[in-house]
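A.B. asks: return a 3D structure for these sequence lines:
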Amino acid sequence: MLHRLHRLLGVRIAATDGDIGHVQEAYFDDQAWAIRYLVVDTGSWLTGRTVLLSPYAIRPPIGLDSPIDVNLTRAQVEDSPGIDLHRPVSRRHEQALLRFYNYPDYWSGGGLWAMGPTPMLAVLPEPAIELAVADEDVHLRSTAAVKGYDIRALDGTLGHVEDFLFDDGNWAIRYLVVDTRNWWPGGKRVLIATLWLDAVDWATKTVSVQLTREQIRNAPAYDEAVPLTRTEELRLHESYNRIGYWD
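C.D. replies: Okay, here's the model as predicted:
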């Protein structure tokens, strides 16, 4: 099922022995466009500290109006490696965090999550072989930071990133929710698939898409109140003359 990311914000995280905190934002990797961590504000429990929680720890199904359950204890979270969110999170930092929880490197193997399509761990793996990673190897991006980026079509700018739609099975970000209302009269919210993105300029805060302004204008309006069924997704892809990510 696809969900808007903003509906996760503020949702409580429940460990096996009590609450940890609430979701503040998410970090996704800029290569696969998949959510790799939830950024959790621990509030008064671990004052002044935020922690990263991998979807490997989350027990499905996730709750959007109820706490998200994780297979961790409060002590595990408290003892986990610290992360300075004011600095880029490198693969070396990620590796230390994943090793602490005995999770595999999601970037190793051919699947979206290491050797598999989803972040499911029936049995925790044996400690993995350490692979060399560099401090400058950074691929995590903040959803909060990317919100507001301009959308640049093939023939000009039209809209900005308002939110993200992600798959709660594999945590892949399938669509950007784009608000065009400040760019042309009668504007609306539309969906643009991450597979259609051409490039992201992190310096100028611009997302380039392989679409024309006219294609975006003529796309079906997105209404959060209407569930995005596969039928609606097909209609959306047909309007852009694109094949589905499921094919």
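A.B. asks: okay, and for the protein, where does confidence drop off?
C.D. replies: The model of the chain has pLDDT under 70 over residues 121-137.
A.B. asks: which residue sits farthest out from the middle of this structure?
C.D. replies: Here the chain reaches farthest from its C-alpha mean at residue 185, the gap being 30.6 Å by C-alpha atoms, centre = their mean.
A.B. asks: torsion angles phi and psi at that one?
C.D. replies: phi -60, psi 140 (degrees, to the nearest 10).
A.B. asks: now it: how far from residue 192?
C.D. replies: For residue 185, the distance to residue 192 equals 20 Å [C-beta to C-beta, to the nearest Å]. In this view, the C-beta of every residue, glycine as well, is placed from N, C-alpha and C.
A.B. asks: also residue 48?
C.D. replies: For residue 48 relative to residue 192 (C-beta to C-beta), the value is 37 Å.
A.B. asks: likewise residue 177?
C.D. replies: For residue 177, the distance to residue 192 - C-beta to C-beta - is 8 Å.
A.B. asks: for these two, indicate the residue with more neighbours.
C.D. replies: The residue with more neighbours, out of residue 177 and residue 192, is residue 192; 25 against 20, by other C-beta atoms under 10 Å.
A.B. asks: residues contacting residue 154?
C.D. replies: 209, 210, 211, 212, 213 (C-beta atoms under 8 Å, 6 or more residues apart in numbering).
A.B. asks: what do you get if the cut-off is 7 Å, keeping everything else the same?
C.D. replies: Residues counted as contacts of residue 154 (C-beta atoms under 7 Å, 6 or more residues apart in numbering) are 210, 211, 212.
A.B. asks: ditto for residue 5
C.D. replies: With C-beta under 7 Å, 6+ apart, residue 5 has these contacts: 26, 143, 163, 164, 166.
A.B. asks: any idea how far the closest residue in space to the fourth one that isn't next to it in sequence is from residue 64?
C.D. replies: Using C-beta to C-beta, 6 or more residues apart in numbering and skipping residues adjacent in sequence, the residue nearest residue 164 is residue 5, 4.4 Å away. Distance from residue 5 to residue 64, counting by C-beta to C-beta: 10 Å.
A.B. asks: ok, now residue 94?
C.D. replies: As judged by C-beta to C-beta, residue 94 and residue 64 stand 26 Å apart.
A.B. asks: can you check residue 45 too?
C.D. replies: Counting by C-beta to C-beta, the gap from residue 45 to residue 64 is 22 Å.
A.B. asks: could you pull out the strands for the chain?
C.D. replies: 2-4, 12-15, 18-29, 34-41, 50-53, 68-69, 140-142, 150-153, 156-167, 173-179, 189-193, 197-201, 206-209 (DSSP state E).
A.B. asks: give the buried residues for stretch 217-228.
C.D. replies: For stretch 217-228, a neighbour-count test (16 or more other C-beta atoms under 10 Å) marks 217, 219, 222, 228 as buried.
A.B. asks: ok, of the residues you listed, which one's closest to residue 12?
C.D. replies: residue 228 (25.4 Å; C-beta to C-beta).
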